[in-house]
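Novice: Please work out how this folds:
(2 chains)
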Amino acid sequence: MKLPSKLAKWLIALGLLHGAVICAGFFTPYDPGEQDRENTYQPPTHIHLVDSQGHFHIRPFFYRYLNREDFSEPPQEDTTKIIPLRFFAKGARYHLMGFIPLSLHLFCSDPGSGRIYLLGTDAYGRDQFSRILFGGQISLLTGLLGAFITLLLGASIGTTAGYYGGWRDGLLMRLAELFVALPWLYLLFALRAFLPLAVSPLEAFLLVVVVVGTVGWARPARLIRGIVLSAKERDFVRAARGFGASNTYLLRRHILPETAGVLLTQAAILIPQFVLAEMTLSFLGLGVPEPLASWGNLLANLQQYSVLVSYWWMYLPALAIVPFFVGYLGLASALQEHANPHKIEVGVTGDTV
Amino acid sequence: MRYFLRRTIQAVLLLFGVSVLTFLFSALAPGNYFDEMRLNPQISSETLASLRAQYQLDRPLPIRYAYWVSSVLRGELGFSFAYNTPVGPLLWVRARNTLLLTLTATLLAWALALPVGIWSAASLGRWPDRALSGATATFLIVPELVLALGLLIFAVRTNWFPTGGFVSTGFETLSPANKLRDIVLHMALPVAALALSSLPILLRHVRAAMAEVLGAPFLRAAEGHGIPRQTLLFKYALRAAANPLISLFGFSLGALLSGSLIVEVVMSWPGLGPLLLEAILARDVYVVIGGVLLSTIFLVGGNFVADMLLYRADPRIRTESAAK
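Specialist: Numbers count the residues shown, from 1 in each chain, chains lettered A, B, ... in the order given. Model (predicted):
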């Protein structure tokens, strides 16, 4: 089956974005936990091609910032020393995708000559750029796993209700009504509220995934139920049943494939929503804790007034999610258009009509 | 009337279900408010036991639930351990602040979305529509949290707006006019964040609903009869397109209490959001349950109002339910 060009376009864009996050170790110069206590709250480093004497350099370089006594003054660059950028150079060790040990980086500077902070540093002098890319791994993984759990739950509940009908249908759909009636964010909070608060970072991450994943099953379950209901009455399904096909065979061969389109569209809608849920929980201190980086807990720094006033680059993690959201919403709208070409769509972005 | 009755019973059953569900969640939760106290050597275990007994925490679950339901009927909604008062009044004060914020924002968003959305649909495919669609698409992808934080940074950098809270210090000493000004200034940012985050969704719905109707033969006939475009758009087309918009309006009403949680926390607005967050961190369970229940009541109520409005606005629903 050939993919429509619009769908392919969004898939490629999303693939590139996720590639950058998955290979965060290669694209970032430093380890996300590495601290540089001498250079806390450094503003973003400027990359130059022309030095302070007006000479042009082919190799891009940067200057170190002078340490400031008074933080209200604008930062000054130390123009006496040019620090060249090194591309494809060896630096801090890391594990690509968690298991391939490497030390190759897209760019970094010579060790001992000064460190490059593309997006500035935080209160511990950790590189924001590295933390944003590595934080993306946690946040996106939450979104992906959460959506997977939700769709798994939604699909099995929806299929059971739609295919078997009867009391199962009644019970499950009443339960779904209950879950839809609860305000989503409050439900998320309530569920998180009643789970342990003080846990290790990894446990906290799994907890967030499970909480985010179990909250939203009702809506997909209703959609799937509707499709299964209509699919099981189709002539070819009745024919197959007449030939003596078992329930499992019918479900696997004829009915579940019908739900694939809805599942994919739902995934494209749910993933960014769940990434946002992780961000919200972590922002409020209920999600993934330090020292792990996630988009949510990077933003949590902004809850301090002084950070808000003086260090604008701490806001940049918020902007990191925007391209991902564009990608997912574009994908969702392309999928919807693919399934339903003439409808004027409402919920998602992209070209309409 | 039968329709009305059936919907009411449904809503009550739903609320009952939600209360049981949240209560069950809270019972399954490890730890409670008094766990922290147990670590304090100055509080003896007898005191703790008597405290637990006072709040009926040592009773089995169904009895606790029965106690809680009776306090709900008295309007107390259980007891807050942290604030040492009944939950009801506590929630009510905060809910009022939240409503002040969300009602303003919702009204503002709808007042903007209706005319602009209609205009956009009326010029479907031409430049005003294209420009508006681009703008809504941009705002649609910016999440509320990001928007709120961005506005906050804007406020801090320009110093045009106060950054958080409900009123300034020394509020009591101000003259009535200045008091109003103070509150409006404090409200400006959170209201802007809320309105801007709901506006694109509303706009899209209004545009889509109108665009669907505008192609209808009866409107083309009306146009052919020489009825002015304004009357056509705002009187005939809007009425025909109202159905999905009324449902959406019900949803807007329903989200009045629960929709502003993030913005409230970010802008430190003393509404339900920050209260709920504190209660979660302190394991003040009845406040959490009360907050969830209250916002569910709003959500259910919003849907209910929408159903009633639909019943009035759409003759098809009336005949359908009468036929049953």
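Novice: Could you chop chain A up by domain?
Specialist: For chain A, the structural domains run A:45-116, A:132-339, going by automatic domain parsing.
Novice: Return the member of those domains having the minimum mean pLDDT.
Specialist: The weakest mean pLDDT among the domains of chain A belongs to domain A:45-116, with a mean of 77.
Novice: Helix or strand next in line after the lengthiest helix in chain A, which one?
Specialist: Assignment by DSSP state H gives helix A:128-164 as the longest helix of chain A. Next helix or strand after helix A:128-164 toward the C-terminus (DSSP states H and E): helix A:166-181.
Novice: Give the buried residues for that following helix.
Specialist: Residues of helix A:166-181 classed as buried: A:169, A:172-173, A:175-176, A:178-181 (neighbour count, 16 or more other CB atoms under 10 Å in any protein chain shown). Using the backbone N, CA and C atoms, a C-beta is placed for each residue, glycine as well.
Novice: pLDDT at B:Arg38, what is it?
Specialist: 66.
Novice: okay, now the residue in the stretch 1-150 of chain A that chain B sits nearest to: neighbour count?
Specialist: Residue nearest to chain B within the stretch 1-150 of chain A (CB to the nearest CB): A:Ser139, separated by 12.2 Å. A count of neighbours around A:Ser139, defined by other CB atoms under 10 Å in any protein chain shown, yields 31.
Novice: if we can go back for a sec, out of the buried residues of helix A:166-181, who's near chain B?
Specialist: Contacts with chain B within these, as defined by CB under 8 Å from any CB of the partner chain: A:178, A:181.
Novice: Pipe the buried residues of helix A:166-181 into CSV and attach distance to A:Ile269 per row.
Specialist: Below are those laid out as CSV (distance: CB to CB, whole Å):
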residue, distance to A:Ile269
A:Asp169, 25
A:Leu172, 22
A:Met173, 21
A:Leu175, 22
A:Ala176, 17
A:Leu178, 22
A:Phe179, 17
A:Val180, 15
A:Ala181, 20
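Novice: Can you tell me which of the buried residues of helix A:166-181 is nearest A:Leu331?
Specialist: Nearest to A:Leu331 among the buried residues of helix A:166-181 is A:Val180, at 24.5 Å by CB to CB.
Novice: which ones are touching the nearest residue to the closest one once chain neighbours are set aside?
Specialist: Using CB to CB, 6 or more residues apart in numbering or on different chains and skipping the chain neighbours, the partner closest in space to A:Val180 is A:Ala218 (4.8 Å). Applying CB atoms under 8 Å, 6 or more residues apart in numbering or on different chains, we find A:Ala218 in contact with A:154, A:175-180.
Novice: is it possible to export those to JSON lines including distance to B:Ala209?
Specialist: Formatted as JSON lines, the contacts of A:Ala218 follow (distance: CB to CB, whole Å):
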{"residue": "A:Gly154", "distance to B:Ala209": "28"}
{"residue": "A:Leu175", "distance to B:Ala209": "31"}
{"residue": "A:Ala176", "distance to B:Ala209": "26"}
{"residue": "A:Glu177", "distance to B:Ala209": "25"}
{"residue": "A:Leu178", "distance to B:Ala209": "29"}
{"residue": "A:Phe179", "distance to B:Ala209": "27"}
{"residue": "A:Val180", "distance to B:Ala209": "22"}
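Novice: just the residues you listed now: which is nearest chain B?
Specialist: Among the contacts of A:Ala218, and counting by CB to the nearest CB, the member closest to chain B is A:Leu178, at 4.7 Å.
Novice: That closest one: what's it in contact with?
Specialist: A:Leu178 touches A:218, B:14, B:17-18, B:21, counting by CB under 8 Å, 6+ apart.
Novice: Give me the residue ranges of chain B where confidence is low.
Specialist: Scanning chain B for pLDDT under 70 picks out the ranges B:1, B:29-41, B:52, B:54-58, B:163-165, B:167-172, B:320-324.
Novice: Show me the domain layout of it.
Specialist: B:2-87, B:94-143+B:198-323.
Novice: circling back: to A:Arg37, which of the domains of chain A lies closest?
Specialist: Nearest to A:Arg37 among the domains of chain A is domain A:45-116 (11.6 Å), distances taken as CB to CB.
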